[in-house]
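Generate a structure from the sequence data that follows.
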Amino acid sequence: MTAERHEGIGRDVRIGSPTLIVAVIVSTILSVVVTVVLGTGPRAADTGEQVVRWFQEHRDSVRWSVWAFTADAPLLALVYALLRRLLPAPHRDMFLIGGVTVIVTTSVQSWLLAGLALHADRLEPATARTVLDVAVFFGPVLTAAFITMIAPVAVLAWRGSPSIPRWLGVLGAAAVVEQAAETVTIFGSSGFTEPGGPMNLQLGAGLVLLWTLAFAVWAGFQGRFHVAPT
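Below is the predicted model of the structure:
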């Protein structure tokens with residue numbers, strides 16, 4: 001008999017976790033530090049000279065931002081691993097694949113920014129602009145990872161899963177719709193919808209961070225997973 005046939009039968013087991021609550025709170029703080037320390041980065045429409053000047057003026061901020069993410073990555077991995085326990089297969093696997101992709105993709109973008117900041121005084125404008133062009137597409141492509149992570153949880157909530165509250169599904173659905181709309185930044189060149197611009201790094205990232213925080217805090221206090229009868 002499949003897991004779907006067991007849905008609604010069996011018992012709910014509470015697996016609230018203080019570790020999860022602490023991990024997501026510290027992770028959220030570090031995520032805010034990353035954003036605040038880095039500030040507003042160079043834009044997709046900036047010239048190579050403007051990009052070089054920005055990295056020369058913000059090299060220390062970039063390094064501190066990369067450090068904060070490096071400290072945050074293990075906490076994010078712990079949060080995703082603990083949240084995965086609440087989900088049945090294949091939803092939990094989709095969620096974990098999305099979470100791993102978020103960490104890996106963000107790591108690659110951090111390498112690029114840190115590399116540009118390392119010898120900012122010797123950067124060539126054309127090189128700086130080209131490398132940054134690669135880095136800014138981190139935002140548009142990351143939408144796929146966020147959708148992969150959030151959509152399975154939203155689907156479970158909307159299907160009436162006993163382990164996921166409906167309100168989390170509503171918030172997740174809003175995040176998925178926004179992330180799908182955010183794919184237009186792949187074609188953007190300037191302004192709100194430019195790659196790596198406000199739609200990616202402020203609206204989209206903020207909504208996903210809110211959803212993750214809500215999911216983790218709820219799970220830390222009241223999280224349950226459904227055990228089908230043997």
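
How about residue 134: what's its closest non-neighbour residue?
Of all residues not flanking residue 134 in the chain, residue 112 sits nearest, at 6.2 Å (CB to CB, 6 or more residues apart in numbering). In short, each C-beta sits where N, CA and C put it, glycine included.

Could you check the pLDDT of that neighbour?
pLDDT for residue 112: 96.

quick one, phi psi at it?
phi -60, psi -50 (degrees, to the nearest 10).

For it, give me its contacts.
131-132, 134-135 (CB atoms under 8 Å, 6 or more residues apart in numbering).

out of these, which one sits closest to residue 209?
The nearest member of the contacts of residue 112 to residue 209, counting by CB to CB, is residue 135 at 20.1 Å.

and the closest one, how many residues sit next to it?
Residues near residue 135, counting by other CB atoms under 10 Å, number 20.

quick one, what contacts it?
109, 112-113, 116, 196.

Swap in 7 Å and give it another go.
Taking CB atoms under 7 Å, 6 or more residues apart in numbering, we find residue 135 in contact with 109, 112-113.

what about it, distance to residue 175?
24 Å (CB to CB, to the nearest Å).

Going by neighbour count, list what's buried in stretch 65-72.
By neighbour count on 16 or more other CB atoms under 10 Å, the buried set for stretch 65-72 is 65-69, 72.

I meant to write stretch 37-51 there.
37-38, 41-44, 46, 48, 51.

what about the top helix by length along the chain, average pLDDT?
Counting residues, the longest helix in the chain under DSSP state H turns out to be helix 48-84. The predicted model assigns helix 48-84 a mean pLDDT of 95.

Give me the distance between it and the centre of its chain.
Mean C-alpha position of helix 48-84 versus that of the full chain (CA atoms, centre = their mean, to the nearest Å) differs by 13 Å.

how close does residue 180 sit to residue 137?
Taken as CB to CB, the span from residue 180 to residue 137 is 17 Å.
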